[in-house]
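A.B. asks: with the sequence up front, the predicted model follows.
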Amino acid sequence: MSEAKAKPTGPIPPYFETIAGELAVGGKTASALVDEAGDTPLFVYSTDALGARLAELRTAMPELLAIHYAMKANPFAPLLAWMNRRVDGFDVASGGELQIALDAGVEAERISFAGPGKRDRELELAIAKGVTLNCESEGEAERAFRIAEQLGMKPKLAIRVNPSFDLKGSGMKMGGGAKPFGVDAERVPALVKQIVAAGAEWRGFHIYAGSQALDADAIIAMQAQTLALAGQLADEAGYAPPHVNLGGGFGIPYFPGDTPVDLGAVGGAFGQALSKLPDSLKDTHFCIELGRYLVGEAGIYLCRVIDKKFSHGETFLVTDGGLHHQLAASGNFGTVIRRNYPVTIAKRFDAPAKEVQTVVGCLCTPLDRLSDSAMLPHAEVGDLVAIFCAGAYGASASPANFLGQGPALEMLV
């Protein structure tokens with residue numbers, strides 16, 4: 001038994017099953033899924049969880065509000081193909097993501113492309129395919145004009161706005177003050193006029209203030225400010241925006257004490273706000289852009305215990321996984337204070353947690369710690385450790401080739 005003091009873990013999402021005491025996804029146990037995949041480490045994404053989350057959103061949000069998937073959260077091709085039949089649009093942040101989306105069968109007219117530092121070849125691909133470009137600067141818009149002229153095409157251009165406000169309590173602030181993202185709000189009307197004068201197809205605004213917020217009141221306040229800003233910019237520019245991407249910001253519970261967003265409150269406020277639009281926004285189509293909120297809780301990361309060792313009264317489960325696949329769970333992806341994600345021993349999912357054990361990876365660095373002094377069911381060499389909330393910013397946001405380890409396997413169930 002370990003002498004270490006237990007540290008709390010985050011809440012396990014409610015979407016997973018137990019079969020004969022073992023963690024299961026889509027009617028298959030974790031060990032069966034690993035056998036099917038052929039190895040560990042393995043990311044498993046649950047279509048049941050994805051479907052449940054989308055159904056919750058559709059029920060809570062106003063019917064006229066479109067839901068877009070921000071594929072930076074998880075660009076796994078089978079997941080994109082599944083999403084393509086169920087969401088209203090896709091938001092990409094690079095030419096690489098754009099090509100992945102197109103290869104997965106997403107129609108170009110359902111894609112918008114944001115992100116600073118777009119290369120000319122990325123602008124050319126987007127314009128040639130008919131994708132909406134969310135321009136991040138006046139310079140980017142001018143390059144788009146030039147490239148479109150060379151192609152003999154009419155570009156579809158929106159403006160990403162850098163608002164003067166941010167999303168209070170958000171894990172990552174995308175607006176407010178000096179930012180590399182978007183055009184400062186006071187300069188937007190002039191750029192709208194320039195886009196229209198250049199003969200481009202004017203597509204509207206993309207206003208994203210922050211992400212990973214759990215406070216419904218903060219999200220509601222941000223939505224109200226965003227809608228007010230969209231109306232103000234439309235009035236000042238003299239052109240109504242055909243579309244407005246209102247961003248997202250909905251967070252998921254990762255850590256001890258986190259509670260889910262009150263989706264009903266957010267949706268109700270959205271409905272009221274959309275029923276009181278100014279004339280300049282009466283014919284505008286609105287969407288929210290969600291990534292983590294759609295897929296984060298639908299994923300688990302499975303790694304196998306290779307060694308169980310004891311050091312100065314502490315128990316370490318050394319696994320074949322690590323931060324090279326699940327960087328965020330290690331605390332090295334934007335968190336200031338490291339806290340434990342939800343975690344369990346898959347084979348004993350329904351067993352009492354009674355042993356303090358630290359889960360580490362196979363990398364030769366003290367940073368490679370997936371769970372620190374967590375109270376877990378008993379574990380032995382060969383057991384599978386499951387790290388939850390692994391559906392977003394996992395496989396594609398981690399340094400898979402660090403120390404030559406290579407990528408994890410992925411599976412949609």
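C.D. replies: Arrived safely, thanks for sending.
A.B. asks: run through the stretch 151-300 of the chain and note the low-pLDDT ranges.
C.D. replies: For the stretch 151-300 of the chain, the stretches with pLDDT under 70 are 166-180.
A.B. asks: quick check: domain ranges of this protein?
C.D. replies: 17-46+297-412, 75-290 (automatic domain parsing).
A.B. asks: which stretches in the stretch 151-300 of the chain count as strands?
C.D. replies: 156-162, 172-173, 183-184, 201-207, 210-211, 243-245, 285-290, 299-311 (DSSP state E, counting those that start in this stretch).
A.B. asks: out of these, nearest to residue 27?
C.D. replies: Smallest distance to residue 27 across the strands of the stretch 151-300 of the chain (C-beta to C-beta): 14.7 Å, for strand 299-311. No exception for glycine: its C-beta is placed from N, CA and C like everyone else's.
A.B. asks: report the buried residues of that closest one.
C.D. replies: 299-305 (16 or more other C-beta atoms under 10 Å).
A.B. asks: got the phi and psi for residue 83?
C.D. replies: Dihedral pair for residue 83: phi -60, psi -30, per degrees, to the nearest 10.
A.B. asks: how about it, what does it touch?
C.D. replies: Residues counted as contacts of residue 83 (C-beta atoms under 8 Å, 6 or more residues apart in numbering) are 50, 69, 90, 294.
A.B. asks: and the first one, how far is that from residue 326?
C.D. replies: The spacing between residue 50 and residue 326, counted by C-beta to C-beta, to the nearest Å, is 19 Å.
A.B. asks: tell me the one among the contacts of residue 83 nearest to residue 265.
C.D. replies: Among the contacts of residue 83, and counting by C-beta to C-beta, the member closest to residue 265 is residue 294, at 19.0 Å.
A.B. asks: ok, now which ones touch that closest one?
C.D. replies: By C-beta under 8 Å, 6+ apart, the contact list for residue 294 reads 50, 53-54, 57, 69, 73, 83, 87.
A.B. asks: swap in 7 Å and give it another go.
C.D. replies: Counting by C-beta atoms under 7 Å, 6 or more residues apart in numbering, residue 294 touches 50, 53-54, 69.
A.B. asks: which of these sit farthest apart?
C.D. replies: Between any two of these (C-beta to C-beta), the greatest distance is 11.3 Å, for 53 and 69.
A.B. asks: those two: which has the busier surroundings?
C.D. replies: A count of neighbours by other C-beta atoms under 10 Å puts residue 69 above the other of residue 53 and residue 69, at 27 against 23.
A.B. asks: in the helix or strand that one falls within, what counts as buried?
C.D. replies: Per DSSP states H and E: residue 69 is located in strand 66-70. Buried residues in strand 66-70, defined by neighbour count with 16+ other C-beta under 10 Å: 66-70.
A.B. asks: can you redo those residues as a markdown table with pLDDT and distance to residue 240?
C.D. replies: As requested, these are exported to a markdown table (pLDDT from 0 to 100; distance: C-beta to C-beta, whole Å):
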| residue | pLDDT | distance to residue 240 |
| --- | --- | --- |
| 66 | 97 | 17 |
| 67 | 97 | 22 |
| 68 | 98 | 20 |
| 69 | 98 | 26 |
| 70 | 97 | 25 |
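A.B. asks: wait, which of the residues you listed is closest to residue 128?
C.D. replies: Nearest to residue 128 among those is residue 68, at 21.7 Å by C-beta to C-beta.
A.B. asks: quick one: contacts for that closest one?
C.D. replies: Contacts of residue 68 (C-beta under 7 Å, 6+ apart): 87-91, 287-289.
A.B. asks: for these, which two are the farthest from each other?
C.D. replies: 90 and 288 (13.1 Å).
A.B. asks: on that earlier part again, as JSON lines, the domains of the chain with distance to residue 10 would be great.
C.D. replies: Below are these laid out as JSON lines (distance: least, C-beta to C-beta, whole Å):
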{"stretch": "domain 17-46+297-412", "distance to residue 10": "4"}
{"stretch": "domain 75-290", "distance to residue 10": "5"}
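A.B. asks: closest to residue 4 out of these?
C.D. replies: Closest of the domains of the chain to residue 4 is domain 17-46+297-412, at 4.5 Å (criterion: C-beta to C-beta).
A.B. asks: burial of the residue lying closest to residue 368 once chain neighbours are set aside, as a residue count?
C.D. replies: The shortest distance from residue 368 to any non-neighbouring residue, by C-beta to C-beta, 6 or more residues apart in numbering, is to residue 361 (4.0 Å). By the criterion of other C-beta under 10 Å, residue 361 has 26 neighbours.
A.B. asks: likewise residue 132?
C.D. replies: Neighbours of residue 132 using other C-beta under 10 Å come to 25.
A.B. asks: in the sheet, who's paired with it?
C.D. replies: residue 112, residue 156 (DSSP bridges).
A.B. asks: contact partners for it?
C.D. replies: Per C-beta under 7 Å, 6+ apart, neighbours of residue 132: 112-113, 156, 158, 203.
A.B. asks: do the same with residue 350
C.D. replies: 18, 21.
A.B. asks: need the phi and psi values for it.
C.D. replies: phi -100, psi 10.
A.B. asks: how close does it sit to residue 344?
C.D. replies: Going from residue 350 to residue 344 by C-beta to C-beta gives 10 Å.
A.B. asks: check residue 193 too.
C.D. replies: 57 Å.
A.B. asks: more neighbours: these two, which one.
C.D. replies: For residue 193 versus residue 344, neighbours defined as other C-beta under 10 Å are more numerous around residue 344 (26 against 15).
A.B. asks: the more buried one pairs with what?
C.D. replies: Bridge pairing for residue 344 - DSSP bridges - gives residue 386.
A.B. asks: over to residue 29?
C.D. replies: residue 24.
A.B. asks: which non-adjacent residue is nearest residue 129?
C.D. replies: residue 108 (4.2 Å).
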